[in-house]
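Colleague: The following comprises the amino acid sequence and a computationally predicted model.
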Amino acid sequence: MVEKTYEGLKKESDMDVAESTKPLIAVVGPTACGKTQRAVEICRHLHGEILSGDSRQIYRDMSIGTGKDLEEYGEVPYHLIDIRPAGYRYNLHEYVRDFHNALSDIRSRGCQPVLCGGTGLYVETVLSGVRLPEVPENRRLRETLEGKSLEELAEILRSMKSLHNVTDIDTSKRAIRAIEIATYYAENPQEAAKASRDTAQPLDAYIIGLDIAREMRREKISQRLRSRLEEGMIDEVKGLLNDGIPAENLIYYGLEYKFVTEYVTGQLSYEDMYRRLEIAIHQFAKRQMTWFRGMEKRGFKINWHPYDAPLEELLSGF
């Protein structure tokens, strides 16, 4: 097979329908395993564009802490990065909508879509084919819920659905919206079916998992943390706070933004911040792998390869 360059492929305008609906490629794995680099390689090889599957990279002005590494993309187009302001609280419903809009855009131009990311909930939801319909505001319901405590709202929501996503109940506003959505689904079973994994049609996707030895992963995580701090992660957080982003909003994003914000606001010493953040990132990577292994048990085939495997190996089954 003759390898074609990214620029050469861009000149091929006679893309047929089969190419425009080719299977999605998804690149998954724990943090610090090099997902972005490998996804970019695939895009250059197959005339692709990247769809981010990272729940924090969607925020503008949050680059160092989220590891956007935008310089790695070069000429490769990317989507779902820098699409919301810092301080905003994005959710799964918005991601599913934005993902499918971007996927349609990529395919309309005959390009290869490549999903890259480590937010298991986002990645699994879109791969499962779940579609979350727009749910209108129910003012009468909202009036009945006003004045209830967050604990009361959470109990109402628990009586309606299993709480897989705790962000549904991190504020009263979000809990009320979650109850509103659950009520709408109960009253509109056809719409609810679109949001059910039992009835959804999974996307045609080839999933590549990047496997990295635990000790190597830990070494890369620690090295990357040091690099991010040297690159100005603390100044990035200070800048966000100076721009009026409330500290609690940054803490909500977790990991780097949680612990660095607590350091900047005087709640932690530098040494405590560094130690606790390093531990938290290691734990996060472990949870990511647990999620992806769980996806396999839930019926997703993930083709695992060493994180540094040749590109030909990564694509050998595609």
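Modeller: The structure has been received and is ready for your questions.
Colleague: buried residues in the helix or strand hosting residue 125?
Modeller: Residue 125 is part of helix 120-127, with elements assigned from DSSP states H and E. For helix 120-127, burial by neighbour count (16 or more other CB atoms under 10 Å) applies to 120, 122, 123, 124, 125, 126, 127. The C-beta positions use only the backbone N, C-alpha and C, and glycine is treated the same way.
Colleague: would you list every one of the strands in the stretch 51-200 of the chain?
Modeller: 78-79, 112-116 (DSSP state E, counting those that start in this stretch).
Colleague: Tell me what angle the last one forms with helix 120-127.
Modeller: Taking axes from the mean of the first three to the mean of the last three CA atoms, to 10 degrees, one finds that strand 112-116 is oriented at 150 degrees with respect to helix 120-127.
Colleague: Strand 112-116: partners in the sheet, and parallel or antiparallel?
Modeller: strand 24-28 (parallel), strand 48-52 (parallel) (DSSP bridges).
Colleague: Can I get those in CSV including mean neighbour count and mean pLDDT?
Modeller: Shown next, in CSV, are those (neighbours: other CB atoms under 10 Å; pLDDT from 0 to 100):
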stretch, mean neighbour count, mean pLDDT
strand 24-28, 26, 98
strand 48-52, 25, 98
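Colleague: Tabulate these (a markdown table), appending distance to residue 255.
Modeller: Output for the strands paired with strand 112-116, formatted as a markdown table (distance: least, CB to CB, whole Å):
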| stretch | distance to residue 255 |
| --- | --- |
| strand 24-28 | 18 |
| strand 48-52 | 17 |
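Colleague: Minimum distance to residue 295: which of the ones you listed has it?
Modeller: strand 24-28 (8.2 Å; CB to CB).
Colleague: Helix or strand next in line after the longest helix along the chain, which one?
Modeller: Longest helix of the chain, by residue count under DSSP state H: helix 270-297. Next along the chain after helix 270-297, taking DSSP H and E as the criterion, comes strand 302-306.
Colleague: list the helices and strands that following strand packs on?
Modeller: Of the remaining helices and strands, those touching strand 302-306 by 3 or more CB pairs under 8 Å, 6 or more residues apart in numbering; DSSP states H and E are strand 205-211, helix 270-297.
Colleague: who does the helix or strand that comes right after that strand touch, helix- and strand-wise?
Modeller: Of the helices and strands lying after strand 302-306 in sequence (DSSP H and E), the nearest is helix 311-314. With contacts defined as 3+ CB pairs under 8 Å, 6+ apart, helix 311-314 has these neighbours: helix 35-46.
Colleague: contact partners of the helix it packs on?
Modeller: Residues from elsewhere that reach helix 35-46, judged by CB atoms under 8 Å, 6 or more residues apart in numbering: 3-6, 9, 25, 27-29, 48-50, 67, 69, 72-74, 76, 112, 114, 116-118, 208, 210, 307, 311, 314-315.
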